[in-house]
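In: Whatever this is, show me its structure:
(chains A and B)
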Amino acid sequence: MSIAPHFPIIASEPVIQLEDIERRFGPIQALRGISLSLVPGRALALVGESGCGKTTCARIIARMDQPTAGKLRFQGRDITKTGTAEDERAYRREVQMVFQDPFSSLNPVFSIEHHLSRPILLHRHAVGKAAVSDAVSELLANVGLDPALTRRKFPHELSGGQRQRVNIARALAVRPSVLVADEPTSMLDVSIRMGILELLAQIKQKERLALLYITHDIATAAHVAEEIVVMFAGQMVEWGETNAVIGDARHPYTQLLLSAVPDGSRPFVIGESARFLEQAEKVRALSRPTSTTVEQVGPNHFVRPLAAAS
Amino acid sequence: MSDTLLQIRNLDVDYLLDKGEFRAVKNVSFEIGRGELFGLAGESGCGKSTIAYAITRLSKAPAWVAGGQIILDGQDLLKLPESEMQKVRWKRVGMVFQSAMNSLNPLMRVEAQFHDVLHRHTGCSKSQSRAQAEAMFKLVGIPTSRISDYPHQFSGGMRQRIVIAICLALRPELIIMDEPTTALDVVVQREILEQVIDLQRAYGFSVLFITHDLHLMAQLCHRIGVMLKGELVEVGDVKQVSQSPAHDYTRKLWNAIPQLPRQSRLTGETA
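Out: Residues are numbered from 1 along each chain as shown, chains lettered A, B, ... in the order given. Below is the predicted model:
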């Protein structure tokens, strides 16, 4: 058995490291052998179909869930075991999440100002009315919203894209070092998706955030992230630098994902559905058996070889 | 298209608000031929779903069809009494919505839901509806052994296929699909839509396909209409709308979706 090499291969120190993370729910093995790192100023995308374990992975990183086995490290320290309440709070300050549904993640009875000033007060990033108010303005401006127009509004007065920007501002309010974004654009309209993706890229740079971007859409992943991890049935099947994974996909599941990205220049062919369905099933069946071997196929590109057909 | 199935003429739909009325659909006209796959694209709030609801006369207050005609095979649906309209819905015009997979009753076995719909519209017996359900399951690629399972036992993609199967069982002439695969992942999306194309070929129904993803629409549809703020700003066949869009907004919509670099799309083909 070969140990999964440290990923991504990069000179700077990771903030978060997952080492051989496993998660079982009763008889179901939701995650196995997950090893990856999040690095300041870089984005890593977890890509896969619903149920492949990507959200479970995010929940473990956000400490909303505990792995069954394996290690979670923060700045090199092993923090897998639950720490004191104070440790947990300190960790939450460092690791923030943005969720898929911008409509349900804000409290409808509070103003935007309230949503943003609470974390500032709680974590004592500003003291005094004027200072808190300034901090709220700065946060709103940071995510591309007009502070004067937005602060007194209530969630229902904002569009989905604006609400998602507020959610990002709220996450930034505690000055985290890691941001976990779980399908942050999949409930938003196309016309505003790009704006949110660009905002994430911009704050990642500016705040030196380590970004974990979770999606089922490999095309947006390629747009946002420096590294891509393709997951299937709880395992990492192919991972590496974005250009390598996208341009030289080795695993049949990655190739399937790429082939399914909508492309207006390739119309569907009549009479092909049975073939595609069969092929997708075949790829899923081939990818399901777990394997512990890892093959390095490029300087920063790894693939889990298919278990030999018996 | 020589044979027109649906004609929308000068359709106006208003939302009655406290501040007065807001015209969500402004003087929209288009037609869908028999056996044609017609796409309606545009961002949220442009009025595309409002049109879908207007066609099936399911617009709920404060939405109000203020004017125009919706002609299905020579008959103006807006003038039909509600009792007649009930015979049009599902039987002649099927509907699959984005959240359709959640429209299955969680307490009823799928087989019973088939029977419920088929019995109401055709008066068929339980054994007939079972046979029909089995045939439809085969058609959409779900093992017939699962016919008496409950909705929660199926994945999201399978549930969406079951709704399409129920819809097809009544052999409608037109199926309205409003973002039918937006909640699903890309592989499942392609599986379902390729099936829709083949089923369309086999049964000859027309489709009104509504989505904000122009790329997806171009893979599926024959003709495309683009909506902006309640107005239909461009209608044309796929080739024209994708290669030489007439309206600036259409061009923006094409660029709104992150695309993979060229060469990777080609390697994706070899999957």
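
In: what's the burial count for the closest residue to chain B within the stretch 1-150 of chain A?
Out: Nearest residue of the stretch 1-150 of chain A to chain B: residue A:49, at 4.4 Å (Cβ to the nearest Cβ). Every residue, glycine included, has its C-beta placed from N, CA and C. By the criterion of other Cβ atoms under 10 Å in any protein chain shown, residue A:49 has 21 neighbours.

In: How confident was the prediction at it?
Out: Here the pLDDT value assigned to residue A:49 is 88.

In: Ok, residue B:168 next?
Out: pLDDT, residue B:168: 86.

In: for the residue lying closest to it once chain neighbours are set aside, phi and psi?
Out: Closest residue to residue B:168 apart from its sequence neighbours, by Cβ to Cβ, 6 or more residues apart in numbering or on different chains: residue B:136 at 6.0 Å. For residue B:136, the backbone dihedrals are phi -70, psi -40 (criterion: degrees, to the nearest 10).

In: can you tell me which residues contact residue B:136?
Out: The contact partners of residue B:136, taken as Cβ atoms under 8 Å, 6 or more residues apart in numbering or on different chains, are B:114, B:165, B:166, B:168, B:169.

In: ok so, going back, next one: the residue of the stretch 1-150 of chain A closest to chain B from residue A:232, what distance?
Out: Per Cβ to Cβ, to the nearest Å, residue A:49 is found 7 Å from residue A:232.

In: What of residue A:242?
Out: 18 Å.

In: Quick check, residue A:175 in contact with residue A:95.
Out: No - using Cβ atoms under 8 Å, residue A:175 makes no contact with residue A:95, being 11.7 Å away.

In: Looking at those two, which is more packed in?
Out: Here residue A:175 and residue A:95 are compared on neighbour count by other Cβ under 10 Å; more neighbours surround residue A:95, at 23 against 15.

In: At which residues are the strands of the chain located?
Out: Here I'm looking at chain A. For chain A, the strands defined by DSSP state E occupy A:16-25, A:28-38, A:43-47, A:69-74, A:77-78, A:95-98, A:178-182, A:210-215, A:227-232, A:235-241, A:295-298, A:301-303.

In: nope, chain B
Out: Using DSSP E, strands in chain B cover B:4-17, B:20-33, B:37-41, B:63-72, B:75-76, B:93-97, B:174-178, B:206-211, B:223-228, B:231-237.

In: closest to residue B:258 out of the strands of chain A?
Out: Closest to residue B:258 of these, according to Cβ to Cβ: strand A:210-215, at 10.4 Å.

In: now that closest one against strand A:16-25, angle please.
Out: Interaxial angle, strand A:210-215 versus strand A:16-25 (axes from the mean of the first three to the mean of the last three Cα atoms, to 10 degrees): 40 degrees.

In: Please name every helix or strand in contact with strand A:210-215.
Out: Counting by 3 or more Cβ pairs under 8 Å, 6 or more residues apart in numbering or on different chains; DSSP states H and E, the packing neighbours recorded for strand A:210-215 are strand A:28-38, strand A:43-47, helix A:54-61, strand A:178-182, helix A:190-206, helix A:218-224.

In: Packed most tightly, which of those would that be?
Out: strand A:43-47 (a mean of 27; mean count of other Cβ atoms under 10 Å in any protein chain shown).

In: will you turn the helices and strands packed on strand A:210-215 into TSV that also has distance to residue B:205?
Out: What follows is these, written out as TSV (distance: least, Cβ to Cβ, whole Å):
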stretch	distance to residue B:205
strand A:28-38	40
strand A:43-47	35
helix A:54-61	37
strand A:178-182	38
helix A:190-206	27
helix A:218-224	30
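
In: Serialize these to TSV and add fields for distance to chain B.
Out: Shown next, in TSV, are the helices and strands packed on strand A:210-215 (distance: least, Cβ to the nearest Cβ, whole Å):
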stretch	distance to chain B
strand A:28-38	15
strand A:43-47	10
helix A:54-61	11
strand A:178-182	14
helix A:190-206	4
helix A:218-224	4
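
In: Residue ranges in the stretch 51-200 of chain B under the pLDDT threshold?
Out: Within the stretch 51-200 of chain B, the stretches with pLDDT under 70 are B:100-101.

In: residue ranges of the helices in the stretch 101-250 of chain B, please?
Out: Secondary structure of the stretch 101-250 of chain B (DSSP state H, counting those that start in this stretch): helices at B:110-122, B:126-139, B:156-169, B:186-203, B:214-220, B:238-243, B:248-255.

In: Ok, which of the ones you listed comes nearest residue A:116?
Out: That would be helix B:248-255 among the helices of the stretch 101-250 of chain B, by Cβ to Cβ, at 31.2 Å.

In: Report the distance from that closest one to the chain centre.
Out: Centroid separation for helix B:248-255 versus its chain: 22 Å, with Cα atoms, centre = their mean, to the nearest Å.

In: With just CA atoms, put it into CSV.
Out: The C-alpha coordinates for helix B:248-255 follow below in CSV (Å, rounded to 0.1, in the frame of the first residue of the first chain):
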residue,chain,number,x,y,z
ASP,B,248,-26.1,42.1,-27.6
TYR,B,249,-27.8,40.5,-24.6
THR,B,250,-27.7,37.0,-26.3
ARG,B,251,-23.9,37.4,-26.7
LYS,B,252,-23.7,38.3,-22.9
LEU,B,253,-25.7,35.2,-22.0
TRP,B,254,-23.4,33.0,-24.0
ASN,B,255,-20.4,34.4,-22.1
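
In: For it, the averaged confidence score.
Out: 90.

In: For that helix, buried residues please.
Out: Buried residues in helix B:248-255, counted by 16 or more other Cβ atoms under 10 Å in any protein chain shown: B:249, B:250, B:253, B:254.

In: tell me the phi and psi of residue A:185?
Out: phi -120, psi 0.

In: Would you enumerate the residues in contact with the residue lying closest to it once chain neighbours are set aside?
Out: Closest residue to residue A:185 apart from its sequence neighbours, by Cβ to Cβ, 6+ apart: residue A:193 at 4.4 Å. For residue A:193, the contacting residues are A:185, A:220, B:256, B:257, B:258, by Cβ under 8 Å, 6+ apart.
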